[in-house]
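> how would this look folded up:
(chains A, B, C and D)
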Number of protein chains: 2
Amino acid sequence: MAERGRPRSFDRQAALERAMDVFWERGYQAAAMSDLTEAMGINSPSLYAAFGSKEELYREAIAHFAATESDDILSPLQNAPTARAAIEGYLMASAKTFTRPGRPPGCMVVLSAVNAIGVGDETTRILREMRAGSVTMIEERLRRAIAEGELPSSLDPHPIASYYVTVQQGMSIQARDGASRQVLEMIAQGAMAAWDALTIPKAA
Amino acid sequence: MAERGRPRSFDRQAALERAMDVFWERGYQAAAMSDLTEAMGINSPSLYAAFGSKEELYREAIAHFAATESDDILSPLQNAPTARAAIEGYLMASAKTFTRPGRPPGCMVVLSAVNAIGVGDETTRILREMRAGSVTMIEERLRRAIAEGELPSSLDPHPIASYYVTVQQGMSIQARDGASRQVLEMIAQGAMAAWDALTIPKAA
DNA sequence: TCGATTGTGTATCGATCGACACATAAATGG
DNA sequence: CCATTTATGTGTCGATCGATACACAATCGA
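Purely as a prediction, here's the structure:
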């Protein structure tokens, strides 16, 4: 059962995290192989032996991002007691994680391949599905709230979910422009100001 | 007064517009000189003679963008009769211009240099000022509304302006992911749902 | 100990990047 | 006409891109 051949001399997971930081900060295209190998502390052939190619490394990096950073943002959607608290928690957690000291500002899934040039079609599809997945998760939380009687059954969850995800994606841009956690939290509160108007059935 | 030397054989303004399209669609880095010269219908030395460098061409392109596309978005802020109509018009105009057929989706100022790598510091500063300029313009419109008695004087314009600009920047991301004008308009309406809660002084 | 297998470091590949040298073409003023 | 000035097209520059060839090192099973 033991591994054959010469053992790898570096920590694959640690190297992946360093690569994630580079992709996160610079974006896919601007992250040169030399940037990656320098940050990972390995030579180019070791990178290719362990990860296959720059694009495969990038895919592993966004998967690792989703499993760590992204999870912090989405967990309020599952755990908060009400739909309103869930979405507020989602935005407030975004404000926090988008401005973590020592980490690139904003969301890697949103910012690291905006123009989708140079990255393969399959990777582009994965990124789009991850972004669309946030909308789906919020929709489901809203549907649950409808089923539980918190929100009226006449509500259409989709536009509400799209709206809040749009705000959250805009917060990534703001974070890149230097917005602090406090500023992002103010923006999140601004977005939550729409809650009652969006969820209480109109007389019209 | 006539021009000396051999006259330029191409329309400089038309070439600039083609270059703008390339930068807008692909982003600054991914726009290769070969992409630009092909779209502009000229050879590399002609580009350098007329525009100086890739980055100077890019600066002219974003200036041209601001003078045309961007103006369509910001004009409601000046012309609408009320602050609410101004901001609603700003978002609705964004929904329209972000999905114009035959043009790249979303806003060039927001999308074409997200990671700000490879582009010079001065150009980065210009882009950030353009983005921040939207916040300032909305703030001023809100202040005008306060002065005119439309909005209460206790209102703080800055967080409201930041909030709406954040929504608009998120709409650029949504447009890049294929959102239609109708979807973006729904999102804009979602953002406007916060208006009363943001502008009517709270009892608290 | 030895063949098989796998990882590492050096050095470099062809392709492409942004930018330009140079000779020529096309306009001007005199 | 000619000297000057500016633009164009061909060709190519050094640098860097992502990706490997190759020889050697380090582990395995037998």
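
> And the helix or strand bottoming out on mean pLDDT in chain A, what does it pack against?
In chain A, no helix or strand scores lower on mean pLDDT, DSSP states H and E than helix A:69-79, which sits at a mean of 95. With contacts taken as 3 or more C-beta pairs under 8 Å, 6 or more residues apart in numbering or on different chains; DSSP states H and E, helix A:69-79 sits against helix A:83-97, helix A:121-147. In short, each C-beta sits where N, CA and C put it, glycine included.

> Rounded mean pLDDT for the shortest one, please.
Just to be clear, that refers to helix A:83-97. Mean per-residue pLDDT for helix A:83-97: 98.

> could you check the angle helix A:69-79 makes with it?
Interaxial angle of helix A:83-97 relative to helix A:69-79 (axes from the mean of the first three to the mean of the last three C-alpha atoms, to 10 degrees): 160 degrees.

> One more: the last one?
Relative orientation of helix A:121-147 with respect to helix A:69-79: 20 degrees, computed using the same axes, to 10 degrees.

> for the residue in chain A that DNA strand C sits nearest to, helix, strand, or coil?
Distances between chain A and DNA strand C by C-beta to the nearest atom of the strand are smallest at A:Gly5, namely 1.8 Å. Put simply, A:Gly5 is coil when judged by DSSP: H, G, I helix; E, B strand; the rest coil.

> tell me which parts of chain A are close to DNA strand D?
A:1-7, A:29, A:31-35, A:43-45, A:48, A:53-55 (C-beta under 7 Å from any atom of the strand).

> Of these, grab the buried ones for ChimeraX.
The buried residues among the residues of chain A next to DNA strand D can be selected in ChimeraX (16 or more other C-beta atoms under 10 Å in any protein chain shown) with this line:
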select /A:29,31,35,54
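
> Can you flag which of the residues of chain A next to DNA strand D belong to helices?
A:33-35, A:44-45, A:48, A:54-55 (DSSP state H).

> just those now: which is nearest B:Ala61?
Taking C-beta to C-beta as the measure, B:Ala61 lies nearest A:Asp35 of these, at 26.9 Å.

> Tell me the confidence at that closest one?
98.

> go on, the one 4 residues further on?
With respect to pLDDT, A:Ala39 scores 98.

> The one 5 residues further on too?
At A:Ser44, the pLDDT value in this model is 98.

> who's in contact with it?
Neighbouring residues of A:Ser44 by C-beta atoms under 8 Å, 6 or more residues apart in numbering or on different chains: A:33, A:37.

> Can you name the next helix or strand after the strand or helix carrying A:Ala175?
Under the criterion of DSSP states H and E, A:Ala175 resides in helix A:157-176. Once helix A:157-176 ends, the next helix or strand along the chain (criterion: DSSP H and E) is helix A:181-192.

> List the buried residues in stretch A:11-28.
Buried, per 16+ other C-beta under 10 Å, within stretch A:11-28: A:15-28.

> Most widely separated two among those?
Farthest pair in these, by C-beta to C-beta: A:Ala15 and A:Gly27, 19.3 Å.

> Excluding covalently adjacent residues, which one is nearest to A:Asp177?
Nearest residue to A:Asp177, sequence neighbours excluded (C-beta to C-beta, 6 or more residues apart in numbering or on different chains): B:Arg128, at 5.7 Å.

> Of the buried residues of stretch A:11-28, which belong to strands?
Among those, no member falls in strands (DSSP state E).

> and of those residues, the nearest to chain B?
A:Gly27 (3.9 Å; C-beta to the nearest C-beta).

> contacting residues around that closest one?
Counting by C-beta under 8 Å, 6+ apart, the residues that A:Gly27 touches are A:111-114, B:114-115, B:117.

> So which of those residues wins on neighbours?
Among the contacts of A:Gly27, the one with the most neighbours (other C-beta atoms under 10 Å in any protein chain shown) is A:Ser112, at 28 neighbours.

> if we can go back for a sec, what is the neighbour count of the residue nearest to A:Asp177?
16.

> who in chain A is up against DNA strand C?
For chain A, the residues in contact with DNA strand C (C-beta under 7 Å from any atom of the strand) are A:3-10, A:42-46, A:49-50.

> Quick check: buried residues in stretch A:56-72?
If you call a residue buried by 16+ other C-beta under 10 Å, then stretch A:56-72 has these buried ones: A:57-62, A:64-66, A:69-70.

> before we move on, what about stretch A:76-95?
A:76-77, A:80, A:83-84, A:86-95.

> Mind picking the one among those residues that's closest to A:Leu155?
Using C-beta to C-beta, the buried residues of stretch A:76-95 come closest to A:Leu155 at A:Ala83, 9.8 Å.

> For that closest one, which non-adjacent residue is spatially closest?
A:Ala145 (3.5 Å).

> Just the pLDDT for that neighbour.
98.

> and if you look at A:Gly170?
So A:Gly170 comes in at 98 (pLDDT).

> Just give the number of residues close to it.
Counted with other C-beta under 10 Å, A:Gly170 comes out at 29.

> check contacts around it.
Counting by C-beta under 8 Å, 6+ apart, A:Gly170 has contacts A:187, B:165-171, B:173.

> now A:Ala179: how far from chain B?
8 Å (C-beta to the nearest C-beta, to the nearest Å).

> residue ranges with poor pLDDT in chain A?
Where chain A drops to pLDDT under 70, the residues are A:1-2, A:203-204.

> so A:Val109 touches A:Met130, yeah?
Yes. Contact criterion C-beta atoms under 8 Å: A:Val109 and A:Met130 qualify, at 5.0 Å.

> Now do the shared contacts for the two.
A:62, A:66, A:70.

> Please convert those residues to TSV, extending it with distance to B:Pro157.
Converted to TSV, the shared contacts of A:Val109 and A:Met130 look like this (distance: C-beta to C-beta, whole Å):
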residue	distance to B:Pro157
A:Ile62	38
A:Ala66	37
A:Ser70	33
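
> Please report phi then psi for A:Gly102.
The phi/psi pair for A:Gly102 (degrees, to the nearest 10) reads phi 80, psi 0.

> and it, how many neighbours does it have?
That count, for A:Gly102 with other C-beta under 10 Å as the rule, works out to 5.

> From the buried residues of stretch A:11-28, pick the one nearest DNA strand D.
For the buried residues of stretch A:11-28, the nearest to DNA strand D is A:Tyr28 (8.3 Å; C-beta to the nearest atom of the strand).

> Now that closest one: closest residue in space, sequence neighbours ignored.
A:Ala113 (4.8 Å).
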